[in-house]
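# Let's see this in three dimensions:
(one chain, ligands or ions: 1)
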Amino acid sequence: MQVFKFGGASVRDAESIKNVASIIAKYQDEPLLVVVSAIGKTTDFLEKLTNTFFKQSGDPFELLNEVKKSHFSILEQLFEDRFNPIFDDIANSFVEIEWILEESPQDGYDYLYDQIVSLGELLSSKIIAAYAASVGVSSRWIDARDFIFTDNTYREGKVDWEKTEEKIRAELPILLDDYVLISQGFIGSTSENFTTTLGREGSDYSAAIFASCLNAESVTIWKDVPGVLNADPKWFEKTQLIPELSYTDAIELTYYGATVIHPKTIKPLQNKKITLNVRSFLNPDQKGTQIKSTNQTLPVPSFIFKVNQVFINILPRDFSFIVEDNLSHIFNLFHQHRIKINMMHNSAIQFSVAVDQTGDNIAAVLEELEKRYKVTVESGLELITIRYYNQETIDRVLVNKEIIKELKDSYTCQMLVKNK
Ligand code: ASP
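Numbering: from 1, shown residues only. Now for the predicted structure:
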């Protein structure tokens with residue numbers, strides 16, 4: 001069996017949804033489970049709505065109505081028959097959120113976030129399942145929250161693999177014999193049946209969870225790029241498609257910030273030797289990239305650019321060494337505030353990191369750090385990572401840049417730079 005994942009860009013409007021349905025139709029004769037993200041930028045919008053509601057800083061209903069309008073406009077373009085039950089189904093999905101918004105916020109932010117933001121995937125999956133059925137696909141909508149179980153770390157649910165696998169294996173193989181199953185990425189539920197999310201961009205991970213539990217042959221992530229490229233075309237001219245990639249290289253690339261696949265996706269697939277394809281929904285006949293067990297190293301150097309980086313330099317106030325207890329305190333602070341360290345370096349008396357400039361969270365960490373350490377901060381930097389680097393590639397990216405920090409191992413070079 002196969003698992004397909006369609007991201008927000010692939011289902012951003014009625015035309016795109018028709019295209020997705022035609023891809024599904026083409027593969028429907030083999031067992032297929034499809035995971036979809038929220039339509040277009042719906043998740044960003046629902047995130048904004050949650051903030052407005054939580055801070056009581058505006059009218060969340062106004063924002064919800066925008067989401068309603070855009071989804072109903074898509075429905076009207078997809079279904080001529082206004083009596084199709086999907087219209088009621090979508091209207092009812094909104095009612096559940098309206099109930100939450102009618103009261104003032106009683107629960108913590110992360111919990112509310114998951115109850116509200118999960119709406120995006122519920123809407124898109126229902127619309128796509130109904131549309132696929134209307135064009136002759138034997139499709140069936142399933143609620144990912146009945147199958148993917150997590151702890152109650154809201155916004156970053158940790159998967160209970162044992163329970164998830166047991167439920168998926170018990171119920172889905174038989175359905176897959178008769179139906180193309182269409183489910184949501186990004187969401188799961190706790191043992192008390194509260195909705196959780198798996199972290200932003202987590203739909204790829206959902207596809208990997210279903211695939212691993214079902215021992216799928218492959219997962220295909222359908223994207224608006226031809227496959228995995230050796231650099232993001234946003235930053236680089238003349239990018240090259242990588243036709244085949246080892247799991248290890250893929251893990252390394254995503255770890256350093258390549259956004260083509262969610263970092264948590266690859267490990268469960270590697271464990272079961274499930275091939276991960278990255279293909280273009282714009283050119284569905286092309287093969288794209290295959291990520292699998294291979295000794296082949298990347299055929300070309302790969303570049304990853306991260307802008308808006310902050311460099312934080314931490315020195316103990318009493319000039320003592322940076323040792324394990326300092327380090328564990330520092331790591332804990334970053335972990336508690338959910339800040340991912342993109343680059344780190346330590347010497348005898350200082351520890352430095354580069355992290356994304358993310359507003360409130362950084363300010364809170366700096367305040368804590370300053371209680372115990374001397375801290376200096378430099379912002380507006382760029383982090384460039386080259387996998388399989390050589391001097392030529394380094395020179396190429398350093399034009400008009402000055403290096404603030406550089407780290408190299410045999411395969412990977414990371415440079416934190418600023419404009420000259
Ligand atoms: N819709 C979610 C997000 O935008 C999950 C995903 O698309 O992967 O983060």
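
# how about the residue in the stretch 301-420 of the chain that the ligand sits nearest to, what does it touch?
Nearest residue of the stretch 301-420 of the chain to the ligand: residue 338, at 14.5 Å (Cβ to the nearest ligand atom). C-betas here are computed from N, CA, C, even on glycine. Residue 338 sits next to 156, 361 when contact means Cβ atoms under 8 Å, 6 or more residues apart in numbering.

# ok so it is a strand residue?
No: read with DSSP: H, G, I helix; E, B strand; the rest coil, residue 338 is coil and lies in no strand.

# That one and residue 154: what is the separation?
Going from residue 338 to residue 154 by Cβ to Cβ, to the nearest Å gives 12 Å.

# Do I have it right that residue 79 meets residue 131?
Yes: Residue 79 is within contact range of residue 131, at 7.4 Å (criterion: Cβ atoms under 8 Å).

# State the pLDDT value of the residue of the stretch 301-420 of the chain closest to the ligand.
Residue 338 is assigned 86 on the pLDDT scale.

# And it, how far from residue 111?
For residue 338, the distance to residue 111 - Cβ to Cβ - is 15 Å.

# Likewise for residue 20?
For residue 20, the distance to residue 111 - Cβ to Cβ - is 32 Å.

# neighbour count winner among those two?
residue 20 (23 against 18; other Cβ atoms under 10 Å).

# so which strand or helix has the more buried one?
Assigned by DSSP states H and E, residue 20 belongs to helix 14-27.

# and that helix with the ligand, contact?
No: Helix 14-27 is not in contact with the ligand by Cβ under 6 Å from any ligand atom; minimum separation 14.0 Å.

# buried residues in that helix?
14, 16, 17, 19, 20, 21, 23, 24, 27 (16 or more other Cβ atoms under 10 Å).

# thought the second one was touching residue 8?
No: between residue 16 and residue 8 no contact is recorded; they are 9.7 Å apart, counting by Cβ under 8 Å.

# Spell out, range by range, the helices that occur in the stretch 51-200 of the chain.
60-78, 86-102, 109-117, 119-134, 161-176 (DSSP state H, counting those that start in this stretch).

# and of the ones you listed, who's closest to residue 288?
helix 119-134 (21.1 Å; Cβ to Cβ).

# For whichever residue of the stretch 101-250 of the chain sits closest to the ligand, list the residues it contacts.
In the stretch 101-250 of the chain, the residue found nearest to the ligand is residue 203; the distance is 3.2 Å by Cβ to the nearest ligand atom. Neighbouring residues of residue 203 by Cβ under 8 Å, 6+ apart: 5, 7, 35, 36, 37, 121, 184, 185, 186, 262.
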